[in-house]
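**Q** sharing a model prediction with you, sequence too.
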Amino acid sequence: MTPALVVGEGIAGQATALALVAAAVPVVLLAREPAAQAESTHRHDGIDAALGEDDTPGRHLDDLLAVAGEQARPFLEPLTEAAPGIVEWLERLDIPFERGRRGELSRSKLAGSSRARSLHAGPATSFHLSRRLSALLGGHEAAGKLERHAGWTLIDLVLDDRGQARGVVAQCFATGEIRAFEASAVCLATGGHTGLFMHDTFAPGGLGGATGLAVRHGARLVAPDRVSTHPFCYRAGGFVRRLPRRLEALGAELGAGLLDLSRVDRAPLRRAAGPALEAHRQATGTDAYSEPVVVSSAPDRTLGGLEISVDHATAVPGVFAVGGVVGAYFGQATLEGLPLAAALHGATRASVAIARFCEAPARAGATLLLAEARKRAELAQAEVVERKGSETVLDVARDLRAAVARGTLTQGLAELKARSRKARLGDALPCANAALRTWWDLEPALELAERMIAPEDA
Amino acid sequence: MSEQVALRVLRQDSAAAPETRRFEDFVLTAEPGDSIATLLHSLLQNPRTADGRRVAPVAFESACRAAGCGACAVLVNGHVRVACRTRALSARPKRGPIVLAPLSKFPLVRDLIVDRSALRDARQKVDAWLGEPPAAQHVPAALAELDRCVECGACFEACPETAGSRFVGAAALNEARLANAFAAGASQKAARLDALMGAGGIAGCGKAQVCVEVCPERIPLFDSILELGHETSRRWLATLLRR
């Protein structure tokens, strides 16, 4: 059986790979960064599930729909039904959720929820989850059920004459090798395009290159310009960092750009945010436990993304999408504990659909298609390496971000595209070339940006 | 107040080109809160040496940029440090520039980037993985302080026993202890203890305890090693008595 290919090793990608292995589908996991470095691994969010005696999946659904909008019902209804089961699985994986005196799960009531249904393992629920998923996948890799390639940049999707995905072309960052991977289906778990909305280069989140590639090949987008902001961001050494959103529910006071935690009980504060506050202290030299600290609001998560069916299939046959890259669960806004649940629930849904998709008899002819696609990538690289322009692709990427952040994209996009066609790499070596990696992302990101200012229905 | 910082970087174009090994000097402006990672990121945008030559940007790894992962671990003045957690102004030695070099115990990729897949191989060797968790209720393991590894490789780098030996290092041993404790790993415990008693396993630790000092997450790695020592001894005795 030709393997299914999962792109991205964050929470969504790992969970999908794991579910596919459980469904006896051979998997190739391709990731730009290893799991420990994925954006989703380092988010502070918890996970919501209707677990209390006063709570039901129906109530959970009502709360979510009130925020997201009715169009998200087909996605949120099965999610709220599945959420308690997901939490039970996480408990069996020893995710160190906060617990009460008798060992029962501690549930907190966060903004937008009518019941206490948010579970946290301090600020590191995702981190612990990512570590467990990695350890499970490591076991499967050792048993030969999974092939893993970390440090590979996605260059293009490969489609056949019927428009069906047959594989991808990617480049190994360390060696510069360009290789084509054949696949019976491709699942994008590449995260959102939050990086596009940040002013500076040091932002968390990517440019959305993979989203742009899917769009190039016919995938549709939902509200790609919709982004949620995080009120408790701070800058340290030019980097945008975050404090947990949950501080609000613990009694943090926010006024005039200052976050005041001095009146919050220390013990629960330490439990909920200790490591995040310690990282803040190390980076800024101020102690958030005792003095007000400077925070500002910054883009934190794209709410829109690839349009999918309830099976997580995109409009491109054979291309599925899970996690932050998807624009289905969030609608107008999201609650803190939804994205993690959406990634895990989405992984289950997608894996079932992918397994079914992979059962169809394989068509011949992928070898030639893949060889041609690899050749195209090599020619494109040879062209960009030769350029002698005055500015680098990193300059263009920085200005693209600035244009999106400042809302000047409509006027500036044509110029940015022209500049990207001339920009040089500034680094001619094939191995570990950050400029080259950015360039592979920049071209499709510009296509994504184009859709952001010209929605499909326009 | 921003200040000028001199940076000397040990560079090499690729593993296959040892003849390109060289030091290059840079002078950068740093704000008080700036980390070594901040400086490396600004070098990406404008890679010019102290004497004004335009060079290829210094290749380095950096991911979360928020002290969350271990991607940017490098040698700072000969000591292993996570670059985004190390403030540039206070890292300056009394005399001379801040010297950056790649970790020395891993194969070089380019400049400050090394291939840390040995960490994963080490985990593989002691089978520090998990299986599908059992359905039954169980008491959760209270091991949160051990459950924090960011895979930076600092312990492996600083350990006096990992050079030229097969010793798997403290991180892999810590993961093995966790796997023994977790419900999802308990079924493999016996096989794991056997693997730990094999070549490169627990006996490789020389008890220098440098790992504990350099771990950016302050994981009590040595406690894990001691605990595994007890467990493997018990298992060894048990097999002896069964004979």
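**A** Alright, I've got the coordinates. Keep in mind the model is a prediction, meaning the values are calculated, not measured.
**Q** contacts and neighbour counts: CA atoms only from here.
**A** Fine.
**Q** tell me what the helix or strand encompassing residue A:376 is packed against?
**A** Assignment of secondary structure by DSSP states H and E places residue A:376 within helix A:366-386. Helices and strands touching helix A:366-386, by 3 or more Cα pairs under 8 Å, 6 or more residues apart in numbering or on different chains; DSSP states H and E, are strand A:152-159, strand A:165-172, strand A:178-182.
**Q** taking strand A:152-159 as reference, get the angle to the second one.
**A** Computed with axes from the mean of the first three to the mean of the last three Cα atoms, to 10 degrees, the direction of strand A:165-172 lies at 160 degrees from that of strand A:152-159.
**Q** what lines up beside strand A:165-172 in the sheet?
**A** strand A:152-159 (antiparallel), strand A:178-182 (antiparallel) (DSSP bridges).
**Q** how about the helices and strands packed on helix A:366-386 in a markdown table, adding mean neighbour count and distance to residue B:188?
**A** As requested, those are exported to a markdown table (neighbours: other Cα atoms under 10 Å in any protein chain shown; distance: least, Cα to Cα, whole Å):
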| stretch | mean neighbour count | distance to residue B:188 |
| --- | --- | --- |
| strand A:152-159 | 24 | 32 |
| strand A:165-172 | 25 | 34 |
| strand A:178-182 | 21 | 33 |
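**Q** any idea how chain B splits into domains?
**A** B:3-114, B:117-242 (automatic domain parsing).
**Q** correction: chain A
**A** A:4-226+A:300-359, A:244-294, A:366-453.
**Q** what's the most buried one of these?
**A** Of all the domains of chain A, domain A:4-226+A:300-359 carries the top mean neighbour count, a mean of 22, counting by mean count of other Cα atoms under 10 Å in any protein chain shown.
**Q** first to last residue in that one, what's the distance?
**A** Domain A:4-226+A:300-359 has an end-to-end distance of 11 Å (Cα to Cα, to the nearest Å).
**Q** could you do stretch B:129-149 as well?
**A** Stretch B:129-149: ends 14 Å apart by Cα to Cα.
**Q** got it, and stretch A:58-77?
**A** For stretch A:58-77, the end-to-end distance is 8 Å (Cα to Cα).
**Q** average model confidence for that stretch?
**A** For stretch A:58-77, the mean pLDDT works out to 97.
**Q** taking the centroid of the chain, which residue is nearest it?
**A** In the absence of a named chain, this looks at chain A. Nearest to the mean C-alpha position of chain A, by Cα atoms, centre = their mean, lies residue A:191 at 2.0 Å.
**Q** the chain in question should be chain B.
**A** Within chain B, and using Cα atoms, centre = their mean, the residue nearest to the centre is residue B:153, at 1.2 Å.
**Q** isn't it right up against residue B:75?
**A** No: applying Cα atoms under 8 Å, one finds residue B:153 not in contact with residue B:75, separated by 11.3 Å.
**Q** CA atoms only: put stretch A:295-311 into PDB for me.
**A** C-alpha atoms of stretch A:295-311 as PDB (Å, rounded to 0.1, in the frame of the first residue of the first chain):
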ATOM      1  CA  VAL A 295       1.800  43.600  28.000                       C
ATOM      2  CA  SER A 296       0.200  44.300  24.700                       C
ATOM      3  CA  SER A 297      -2.100  42.500  22.400                       C
ATOM      4  CA  ALA A 298      -0.700  40.800  19.300                       C
ATOM      5  CA  PRO A 299      -2.000  38.400  16.600                       C
ATOM      6  CA  ASP A 300      -2.000  35.000  18.000                       C
ATOM      7  CA  ARG A 301      -3.900  32.600  15.800                       C
ATOM      8  CA  THR A 302      -5.500  32.600  12.400                       C
ATOM      9  CA  LEU A 303      -9.200  31.700  12.600                       C
ATOM     10  CA  GLY A 304      -9.600  31.100   8.900                       C
ATOM     11  CA  GLY A 305      -7.700  28.700   6.600                       C
ATOM     12  CA  LEU A 306      -8.300  25.900   4.300                       C
ATOM     13  CA  GLU A 307     -12.000  25.000   3.700                       C
ATOM     14  CA  ILE A 308     -12.700  21.400   4.500                       C
ATOM     15  CA  SER A 309     -15.600  18.900   4.500                       C
ATOM     16  CA  VAL A 310     -16.500  17.300   7.800                       C
ATOM     17  CA  ASP A 311     -14.100  14.500   6.800                       C
END
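**Q** what about the domains of chain A, which gets the closest to residue B:6?
**A** Closest to residue B:6 of these is domain A:244-294 (Cα to Cα; 20.9 Å).
**Q** what separates that closest one from the chain centre, distance-wise?
**A** 26 Å (Cα atoms, centre = their mean, to the nearest Å).
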